[in-house]
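Chemist: Sequence below, structure please.
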Amino acid sequence: MFYQIAHFVVSLFLIIFCRFQVEGKENFPQKGGVLVASNHRSNMDPVAVGCALSRGIHYMAKEELFQIPLLSWLVIQLKAFPIKRGGADRQAIRKALTLLQEGEVVGIFPEGTRSKNGELGTPQSGIGLLALKANCPIIPLALMGTEKPFGPIKIRIGQPILLTINKEEKKQAEEVSKEIMQEIAKLLAEVK
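Modeler: Below is the predicted model of the structure:
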């Protein structure tokens with residue numbers, strides 16, 4: 001219930017004060033597990049992406065956020081779960097896979113951190129690994145404007161990426177990560 005109320009209030013705020021626009025809503029699946037991959041410009045990104053989607057989204061959030069009592073409660077209510085940064089966190093990957101198998105939406109920022117200059121960074125292999133293991137649609141999403149307070153925010157939702165996995169010829173996780181980032185780059189070029 002908290003998530004739905006927060007979604008409504010924040011969406012209204014973004015529409016009124018940030019001229020919030022979302023393109024490509026028809027590309028977003030209304031049921032089943034979905035992995036959403038977006039560029040990362042500011043701390044506002046998870047909020048903006050969550051408001052752009054019609055379904056609740058679970059995010060991996062740095063574990064330090066879960067050590068602050070009030071903030072921990074808030075991020076849990078907003079469907080986040082902890083991830084240890086600086087290496088492969090198998091527990092966080094298992095949690096994401098479980099959510100996807102249960103038909104939930106999981107959001108990830110392939111770069112692993114915010115871009116300091118607004119340019120796309122090098123993707124971490126984690127998104128590719130998760131995509132290969134989850135075997136669900138991957139939705140590339142481009143967002144612009146979240147780095148400017150009260151500036152216009154525009155989001156473009158791309159066509160689903162469906163991986164065909166052949167047991168003998170699996171793509172390496174890095175290759176899948178790069179493919180997803182290329183789709184985000186195309187969307188960003190269309191938004192500009």
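Chemist: send the alpha carbons of the helix or strand bottoming out on mean pLDDT in the chain over as CSV?
Modeler: Within the chain, no helix or strand scores below helix 126-134, which has a mean of 81 by mean pLDDT, DSSP states H and E. What follows is helix 126-134, C-alpha atoms only, in CSV (Å, rounded to 0.1, in the frame of the first residue of the first chain):
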residue,chain,number,x,y,z
GLY,A,126,26.2,-8.5,-13.6
ILE,A,127,23.4,-7.4,-15.9
GLY,A,128,24.5,-9.9,-18.5
LEU,A,129,24.8,-12.7,-15.9
LEU,A,130,21.4,-11.9,-14.5
ALA,A,131,19.8,-11.7,-17.9
LEU,A,132,21.3,-15.0,-19.0
LYS,A,133,20.2,-16.8,-15.8
ALA,A,134,16.7,-15.2,-15.6
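Chemist: Following element in sequence after it, please.
Modeler: Per DSSP states H and E, the first helix or strand lying C-terminal to helix 126-134 is strand 138-144.
Chemist: can you give me the mean pLDDT across the following helix or strand past that next one?
Modeler: Sequence order places strand 154-157 as the next helix or strand after strand 138-144, per DSSP H and E. The average pLDDT for strand 154-157 rounds to 97.
Chemist: Just list whatever residues bridge to the residue nearest the centre of the chain.
Modeler: A centroid search over the chain (Cα atoms, centre = their mean) returns Gly107, at 3.0 Å, as the residue closest to the centre. Residues in a beta bridge with Gly107, per DSSP bridges, are Val36, Tyr59.
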